[in-house]
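S.K.: I'd like to go over a predicted model; first the sequence, then the structure.
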Amino acid sequence: MATRFDPFTALSRMDRDFDELVRRTWTGPQQVRSGFVPPVEMIVEGDDVVLRLELPGIDPFNDVEIEVQSRKLTIRGERRAPEQRDGVLVRELRYGAFQREFALPEGISDEAVEATYDQGMLTVQVKGVVRRPPEPKKIAIRGGKKTHEEITQ
């Protein structure tokens with residue numbers, strides 16, 4: 001029985017497999033000490049990987065710490081709850097300490113990491129992470145006394 005090759009199914013499977021590989025490579029165990037977990041967006045920009053975390057209502061200079069150690073990027077901090085007020089009917093905002101960890105490839109040091117904060121968004125750029133495979137190089141075939149290049153000329 002002949003099976004039809006569907007390139008779209010193969011591409012879809014390859015896309016899912018790649019996403020899973022990136023997810024396993026970059027995300028480590030999530031350690032959460034409270035109900036607050038800032039959402040993260042991770043994108044590739046050239047040879048860099050950029051992480052963006054939503055951190056509204058946080059003082060990034062006093063309440064956020066970014067650390068690189070043992071091939072691991074750790075972002076931890078705390079969203080402090082405001083003083084308790086009388087008359088609060090609903091409280092859906094989450095407060096407390098958080099910690100997100102991301103695995104780094106071999107050879108990435110703290111010097112490759114930069115962070116900025118603007119309008120509630122923490123952006124962490126890890127430089128030089130994406131390693132592209134080298135371009136294919138043609139190898140001359142030698143045979144007898146002449147090379148392939150000499151024969152084709």
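M.R.: Alright, I've got the coordinates.

S.K.: spatially central residue for this protein, please.
M.R.: residue 42 (4.5 Å; C-alpha atoms, centre = their mean).

S.K.: low-confidence stretches in this protein?
M.R.: 1-11, 18-35, 145-153 (pLDDT under 70).

S.K.: dihedrals phi and psi, the residue nearest to the centre of the chain?
M.R.: For residue 42, the backbone dihedrals (degrees, to the nearest 10) come out as phi -120, psi 120.

S.K.: partner residues bridging the nearest residue to it once chain neighbours are set aside?
M.R.: Distance criterion C-beta to C-beta, 6 or more residues apart in numbering; nearest residue to residue 42, sequence neighbours excluded, is residue 51 at 5.3 Å. C-beta: built from backbone N, CA, C; applies to glycine. Bridge pairing for residue 51 (DSSP bridges) gives the partners residue 42, residue 124.

S.K.: returning to what we had before: the residue nearest to the centre of the chain and residue 56: what is the separation?
M.R.: Separation of residue 42 from residue 56 (C-beta to C-beta, to the nearest Å) stands at 19 Å.

S.K.: then residue 96?
M.R.: To residue 56, residue 96 is 15 Å away according to C-beta to C-beta.

S.K.: of those two, who's got more company?
M.R.: Per other C-beta atoms under 10 Å, whichever of residue 96 and residue 56 has more neighbours is residue 96, with 14 against 10.

S.K.: thinking the residue nearest to the centre of the chain is in contact with residue 48, fair?
M.R.: No. Counting by C-beta atoms under 8 Å, residue 48 is not a contact partner of residue 42; they are 11.2 Å apart.
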